[in-house]
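Q: no sequence on this one, just coordinates:
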């Protein structure tokens, strides 16, 4: 590892929305000389380099860690090649569904001598502004140093939590990986309802977004749990209580949010098959 940099060197495979969001944060925090491998062109600040294929990567480049940020369905196209070129480099996967066992098998298919150590992570899109949260799982062969690399990288774009069972990554995916979309939907619906109540569209938009932003910031800084914060803003017989009576009906949010997260977790498991 380059000790003059704050973060280890990486080979980032895939630079879409999630990969790009993480890369922006890493560069801001002093990423050691790294390579981004992606079929789309990217303009990177020196000393970082772009490569379209593995053959384009400089022969003398060996990353501290490989970050696999392609779509799960596309991973098999590169895993075998990575196993040939970097047989012992630790692999951090930010893909939903693909298990450690599955990744290790694909990584070693073209090179039986490949001995990958694999970490799985599920970040979310607020990583783009340094406000992400990532859940991680490390296979038993992963060293403390390799776990530290992962912590350094993902804490540069937010916070991290580690889980001890691999199948809990599917739960992380369902709660926080997909979670921003649930919040965006809430903002969308609040804005629509505001317009239905007669508010100008821009006013409804600002009210909805700033309410969600402010409530999230308050909750983040408060030692109280969410239920207590909700209770404190709900006066008996008041306007908030009237709204919550609808949202908290047995067939409303208590059921549908749980069902939605179960559906996301179920889909994450399906992607591993």
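A: Cool, got the structure. Keep in mind the model is a prediction, meaning the values are calculated, not measured.

Q: quick one: furthest residue from the center of this protein?
A: residue 237 (40.3 Å; C-alpha atoms, centre = their mean).

Q: give the contact list for the closest residue to residue 93 other than its chain neighbours.
A: For residue 93, ignoring the flanking residues on the chain, the nearest one in space by C-beta to C-beta, 6 or more residues apart in numbering is residue 68 at 4.5 Å. From N, CA and C alone the C-beta is placed, and that goes for glycine too. With contacts defined as C-beta atoms under 8 Å, 6 or more residues apart in numbering, residue 68 is in contact with 13-14, 75, 78-79, 91-95, 103.

Q: nearest to residue 129, of those?
A: Among the contacts of residue 68, residue 94 lies closest to residue 129 (C-beta to C-beta), at 17.4 Å.

Q: Hmm, residue 119 and that closest one touching each other?
A: No: contact criterion C-beta atoms under 8 Å: residue 94 and residue 119 do not qualify, at 9.6 Å.

Q: separation between the residue nearest to residue 93 and residue 10?
A: 11 Å (C-beta to C-beta, to the nearest Å).

Q: on that earlier part again, so what's the residue nearest to residue 93 bridging to?
A: Beta-bridge partners recorded for residue 68 (DSSP bridges): residue 13, residue 93.

Q: Pull up the gap between it and residue 182, please.
A: 26 Å.

Q: Same question for residue 188.
A: 11 Å.

Q: just residue 196 next, same as before
A: 21 Å.

Q: With neighbour numbers in mind, choose between these two.
A: residue 182 (13 against 9; other C-beta atoms under 10 Å).

Q: Tell me who's in contact with that one.
A: 257, 260.

Q: same deal with the one 5 residues further on?
A: For residue 187, the contact set (C-beta under 8 Å, 6+ apart) comprises 208-209, 212.

Q: Show the contacting residues for residue 168.
A: Neighbours of residue 168 in contact, by C-beta under 8 Å, 6+ apart: 135, 137.

Q: Residue numbering should commence at 553 henceforth.
A: From this message on, residue numbering opens at 553, which makes the last subject residue 720.

Q: counting contacts, what elements does the lengthiest helix in the chain pack onto?
A: Ranked by residue count and defined by DSSP state H, the top helix of the chain is helix 753-773. In terms of contacts (3 or more C-beta pairs under 8 Å, 6 or more residues apart in numbering; DSSP states H and E), helix 753-773 is packed against helix 731-748, helix 778-784.

Q: for those, which one ends up most surrounded?
A: Among the helices and strands packed on helix 753-773, helix 731-748 has the highest mean neighbour count (mean count of other C-beta atoms under 10 Å), at a mean of 14.

Q: how big is the angle separating it from helix 753-773?
A: Here the directions of helix 731-748 and helix 753-773 differ by 140 degrees (axes from the mean of the first three to the mean of the last three C-alpha atoms, to 10 degrees).

Q: how far out from the middle of the chain is helix 731-748?
A: 22 Å (C-alpha atoms, centre = their mean, to the nearest Å).

Q: List the single closest residue to the residue most central in space within the chain in space, sequence neighbours excluded.
A: A centroid search over the chain (C-alpha atoms, centre = their mean) returns residue 675, at 1.5 Å, as the residue closest to the centre. Distances taken as C-beta to C-beta, 6+ apart place residue 686 nearest to residue 675, at 4.0 Å, with adjacent residues excluded.

Q: how near is that neighbour to residue 754?
A: The value you get for residue 686 to residue 754, if C-beta to C-beta is used, is 34 Å.

Q: So for these two, which residue has more residues nearby?
A: Taking other C-beta under 10 Å, residue 686 and residue 754 do not tie; residue 686 has more neighbours (25 against 10).

Q: Do me a favour and average the pLDDT over the helix or strand harbouring the more buried one.
A: Here residue 686 sits within strand 684-690, counting by DSSP states H and E. For strand 684-690, the mean pLDDT works out to 96.
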